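1. mind looking at a prediction? Sequence and model below.
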Amino acid sequence: MKILVTGAAGFVGSHVCQRLLTQPGHAEVLGIDNVNDYYPVALKEARLARLEGKEGFRFVRADFADAPALHALVAGFKPDIIVHLGAQAGVRYSLTNPEAYVQSNLVGFANLLEAAHRHPPQHLVFASSSSVYGAGVPTPFREEAVSEPLSFYAATKRANEHMAFSYAHVHGLRCTGLRFFTVYGPWGRPDMTPILFARAILAGQKIKLWNYGKYRRDFTYIDDIVDGILRLAFSSRPAPVVPPATGEARPPAAPYDVFNIGNHRPVEMLLFVQMLESLLGRKADIELLPPQPTEMPETCADLTRIAAAVGYAPKTSLEDGLRHLVAWVRDYYGPTGAGRA
């Protein structure tokens with residue numbers, strides 16, 4: 001079986017490639033990534049180095065916003081499954097650099113859908129985000145209960161869901177969207193809270209806690225996320241149509257679905273920092289600040305649908321996950337958290 005993974009140098013993408021290459025029967029994995037400098041390229045290259053030389057893996061440095069290059073890759077490889085994890089990430093970065101999100105998340109995703117339409121895989125699985133739920137949605141978040149997005153990043157992810165549905169409806173392209181909830185773990189993104197905070201505590205730097213530390217987040221360990229992605233990607237069940245959101249009409253049949261992948265155990269950020277302090281053996285220098293306009297007060301995934309569909313159930317407690325994260329941070333960044341750029 002041939003699997004194309006976009007964002008292969010990224011946090012989730014590299015872990016997906018690693019898991020695929022350890023499972024029997026997955027003969028070929030093609031990873032693509034443009035290896036941009038949104039965060040240090042050295043980390044992306046270190047992730048790729050762990051994949052180099054593994055039997056069945058090939059990497060191509062390419063940008064899926066480049067339509068001719070992407071179409072040539074898909075046409076030449078003819079993947080059975082596409083796992084699309086490449087995107088311009090980051091909520092706050094979208095406030096100052098929206099054009100990066102247009103190119104990657106909108107133009108790039110449109111290119112991928114069209115390439116998949118011309119050379120149809122059995123299944124196209126793509127990354128969405130819990131950010132699509134917006135304000136005023138009761139927790140735990142259920143897939144049909146979306147609201148207006150609070151950031152441009154979230155708007156592009158919600159647009160991806162609509163774009164994929166249109167290709168499923170018009171062309172019969174089987175698409176499944178995955179709404180991730182705050183993924184963390186070894187080899188994680190340095191701009192996200194878990195690693196950002198762990199490094200700051202080690203370095204004795206100030207930590208900013210918005211909403212006075214009362215935001216609640218549904219942290220999900222990377223191994224659980226990868227398990228959910230691959231369970232869905234290789235599922236042979238026909239994809240039902242997700243119930244429409246309020247005021248949103250949908251045609252009755254299309255091979256499209258969308259699922260939450262989270263942990264279903266939100267934790268207050270102040271407690272999260274205290275857990276890191278305990279594991280690191282150091283106190284944090286905390287600055288409490290008012291709420292941010294782009295942030296939701298709480299995220300919590302309702303896992304009813306994904307559990308029923310593929311038996312997904314997260315297994316890693318936050319305590320165990322943070323223990324693995326802290327061990328990796330010490331190893332990769334050094335005892336002061338500042339060993340690498």
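-> All right, it came through fine.

2. pull out the buried residues from the lengthiest helix in the chain.
-> Longest helix of the chain, by residue count under DSSP state H: helix 152-171. Residues 152-161, 163-165, 167-169, 171 are the ones in helix 152-171 that count as buried (16 or more other Cβ atoms under 10 Å). For every residue, glycine as well, the C-beta is placed using N, CA and C.

3. what does stretch 192-205 give?
-> 192-203.

4. from those, which single one is nearest Ala284?
-> Lowest distance from Ala284 to the buried residues of stretch 192-205 (Cβ to Cβ) belongs to Ile201, with 4.9 Å.

5. in contact with the closest one, which residues?
-> By Cβ atoms under 8 Å, 6 or more residues apart in numbering, Ile201 lies in contact with 207, 273, 276-277, 280, 282-284, 337.

6. now it: which helix or strand?
-> helix 193-203 (DSSP states H and E).

7. picking up where we left off before, and the contacts of the longest helix of the chain?
-> 87-91, 93-95, 98, 101-102, 105-106, 109-110, 113, 116-117, 120, 124, 126-129, 131-132, 134, 146, 149, 173-175, 177, 239, 250-251, 254-256, 258.

8. cool, and stretch 270-281?
-> Against stretch 270-281 from outside (Cβ under 8 Å, 6+ apart): 193-194, 197-198, 201-202, 207, 209, 213-214, 217, 219, 267, 283-284, 286, 318-319, 322-323, 326.

9. sorry, back to before: lowest-confidence entry in the contacts of Ile201?
-> Among the contacts of Ile201, Gly337 carries the lowest pLDDT, at 86.

10. on the three-state scheme, Leu30 is what?
-> Assigned with DSSP: H, G, I helix; E, B strand; the rest coil, Leu30 falls in the strand class.

11. and the nearest residue in space to Ile195 that is not next to it in sequence, helix, strand or coil?
-> Residue nearest to Ile195 in three dimensions, not counting chain neighbours: Gly188, with 5.1 Å by Cβ to Cβ, 6 or more residues apart in numbering. For Gly188, the assignment made with three-state DSSP gives coil.

12. mind checking pLDDT for Val16?
-> pLDDT, Val16: 98.

13. ok, Ala341 next?
-> 62.

14. with Ala135 instead?
-> 82.

15. would you agree it is in contact with Glu148?
-> Yes: Ala135 lies in contact with Glu148 (Cβ atoms under 8 Å); the separation is 7.1 Å.

16. and Ile229, what does it touch?
-> 12, 16, 83, 125, 178, 261.

17. cutoff 6 Å now
-> With contact taken as Cβ atoms under 6 Å, 6 or more residues apart in numbering, Ile229 is in contact with Val16.

18. and for Val16?
-> By Cβ under 6 Å, 6+ apart, the neighbours of Val16 are 5, 83, 226, 229.

19. tell me which element it is part of?
-> Going by DSSP H and E, Val16 is in helix 11-22.

20. go on, Ala254?
-> Counting by DSSP H and E, Ala254 is found in no helix or strand.

21. count of neighbours near it?
-> 23 (other Cβ atoms under 10 Å).
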